[in-house]
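[1] I need the structure of the sequence given here:
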Amino acid sequence: MAELENPNVMPNLITFLSSLLQKVAESNDVNGRFQPQKISVFHGLTRPTITIQNYLDRIYKYANCSPSCFIVAYVYLDRFAQRQTSLPINSFNVHRLLITSVMVAAKFMDDMYYNNAYYAKVGGISTTEMNFLEVDFLFGLGFHLNVTPNTFHTYYSYLQREMMLQPPPSIADSSLSLGRSLKAHLCFNEEESSHQKQQQLAV
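    From the prediction side, this is the model:
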């Protein structure tokens, strides 16, 4: 999408996505005290010291992937959360999920992309771990990688609208749920048009 090539658009989008994921992670951190959550290869022993904002800024700066990859990565995170309901995004796994989703999106979307070793260096992990994360992420998605133009437009339009209207939505105010396990995001039925969105707020 040509609009994403505007140098003023992507920094704002990265900031908004970071804030949105921060809210999701913090919410699920709290919920994790009361609900059992699966431990996976994405789960770190401790919370990373780097903020989500700085981490996503780093990925954006060094990944050199097309801007569309970040929208597609966002779609992938939503799909992953919908399929892996016992693995909500939280402060212990959000960084690894981010670097993996962007890398997978770049491989699927771009004609030229860096290898796993490069993304591992950008993400601050080993190449071996990056390889394991990629495999688990693909299986977690059920290898559902294709993103139709309609789906891409629906997700991007939501982000664009929210950026123009207000700061990232709070848990209570969000009109969309990025996966039932996230409790704070967009969740679209991709079989429907963007005019047939259903509100899905997890209990």
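
[2] Could you use CA atoms for every contact and neighbour count after this?
    Fine.

[3] which of the residues in the longest helix seen in the chain are buried?
    Longest helix in the chain, counting residues (DSSP state H): helix 9-31. Across helix 9-31, burial judged by 16 or more other Cα atoms under 10 Å covers 10, 13-25, 27-29.

[4] Next, the angle from the next helix or strand after it to helix 9-31.
    Counting by DSSP states H and E, the element after helix 9-31 in chain order, helix or strand, is helix 52-63. Calculated by axes from the mean of the first three to the mean of the last three Cα atoms, to 10 degrees, helix 52-63 forms an angle of 140 degrees with helix 9-31.

[5] what about the longest helix of the chain, distance to the chain center?
    9 Å (Cα atoms, centre = their mean, to the nearest Å).

[6] same question for that helix, mean pLDDT?
    The pLDDT scores in helix 9-31 average 82.

[7] quick one: low-confidence parts of this structure?
    Confidence mapping of the chain against pLDDT under 70 gives the ranges 1-8, 32-38, 165-203.

[8] go with 50
    169-177, 179-186, 191-203 (pLDDT under 50).

[9] other SSEs contacting the helix or strand containing Leu133?
    Using DSSP H and E, Leu133 sits in helix 127-141. Identification of packing neighbours for helix 127-141 by 3 or more Cα pairs under 8 Å, 6 or more residues apart in numbering; DSSP states H and E yields helix 68-83, helix 94-109, helix 116-123.

[10] Show me the contact partners of the last one.
    For helix 116-123, contacts defined as Cα atoms under 8 Å, 6 or more residues apart in numbering pick out 55, 58-59, 62-63, 96, 99, 103, 126-127, 129-131.

[11] what angle do it and helix 52-63 make?
    Going by the same axes, to 10 degrees, helix 116-123 makes 140 degrees with helix 52-63.

[12] For helix 116-123, buried residues please.
    Buried residues in helix 116-123 (16+ other Cα under 10 Å): 116-120, 122-123.

[13] Dump those residues into a markdown table; add distance to Asn146 as well.
    Output for the buried residues of helix 116-123, formatted as a markdown table (distance: Cα to Cα, whole Å):
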| residue | distance to Asn146 |
| --- | --- |
| Asn116 | 20 |
| Ala117 | 24 |
| Tyr118 | 24 |
| Tyr119 | 21 |
| Ala120 | 24 |
| Val122 | 25 |
| Gly123 | 24 |
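
[14] out of the residues you listed, who's nearest Gln84?
    Gly123 (22.6 Å; Cα to Cα).

[15] Can you tell me how far that closest one is from Arg58?
    In this view, Gly123 and Arg58 are 8 Å apart by Cα to Cα, to the nearest Å.

[16] go on, Phe152?
    Taking Cα to Cα, one finds Phe152 at 24 Å from Arg58.

[17] neighbour count winner among those two?
    Phe152 (17 against 14; other Cα atoms under 10 Å).

[18] Flag every buried residue along whichever strand or helix holds the more buried one.
    In the assignment (DSSP H and E), Phe152 maps to helix 149-165. Across helix 149-165, burial judged by 16+ other Cα under 10 Å covers 151-152, 154-156, 159, 163.

[19] and Asn64, how many neighbours?
    12.

[20] Tell me what angle the helix holding Leu133 forms with helix 116-123.
    90 degrees.
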